[in-house]
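In: Would you be able to build a 3D model of this:
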Amino acid sequence: MAGKREKAEDIVVKLRQVEVLQGQGKSVSEAVRQIGVTVQTYYRWRKEYGGLKGDQVKRLKELEAENARLRRAVSDLTVEKLILKEAASGNF
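Out: Now for the predicted structure:
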């Protein structure tokens, strides 16, 4: 069963909430339960977004999208180059 997808900014806020709750003496599992996610999800989020601020997360997502777009462009150009190379050599 798939849960709802959290936005990156919301994830950063929830990570900060866990830090505050841990500072108040709660265990990781209790703090994570209060924000409504599993311990595994918390550690995955912390690995990806730990130490980032809201504007940095937004910039990270923009860069990831741009990187994906550029990778597609390079792969398309590589395929076109290979096709033209094969056609120029006369191997139809």
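In: quick one, longest helix in this structure?
Out: helix 54-89 (DSSP state H).
In: List the buried residues in that one.
Out: Judged by neighbour count (16 or more other Cβ atoms under 10 Å), helix 54-89 contains these buried residues: Val57. (Each C-beta comes from the backbone N, C-alpha and C, glycine too.)
In: I'd like to know which elements that helix is packed against.
Out: helix 8-23 (3 or more Cβ pairs under 8 Å, 6 or more residues apart in numbering; DSSP states H and E).
In: the inter-axis angle of the helix it packs on versus helix 54-89?
Out: When axes from the mean of the first three to the mean of the last three Cα atoms, to 10 degrees is applied, the directions of helix 8-23 and helix 54-89 differ by 140 degrees.
In: Outside of helix 8-23 itself, which residues are in contact with it?
Out: Under the criterion Cβ atoms under 8 Å, 6 or more residues apart in numbering, residues 6, 28, 30-32, 34-35, 37, 42, 45-46, 49-50, 52-54, 57-58, 60-61 lie in contact with helix 8-23.
In: Out of those, list just those in helices.
Out: Counting by DSSP H, the part of the contacts of helix 8-23 found in helices is 28, 30-32, 34-35, 42, 45-46, 49, 54, 57-58, 60-61.
In: Arg72 and Ala8, how far apart?
Out: 22 Å (Cβ to Cβ, to the nearest Å).
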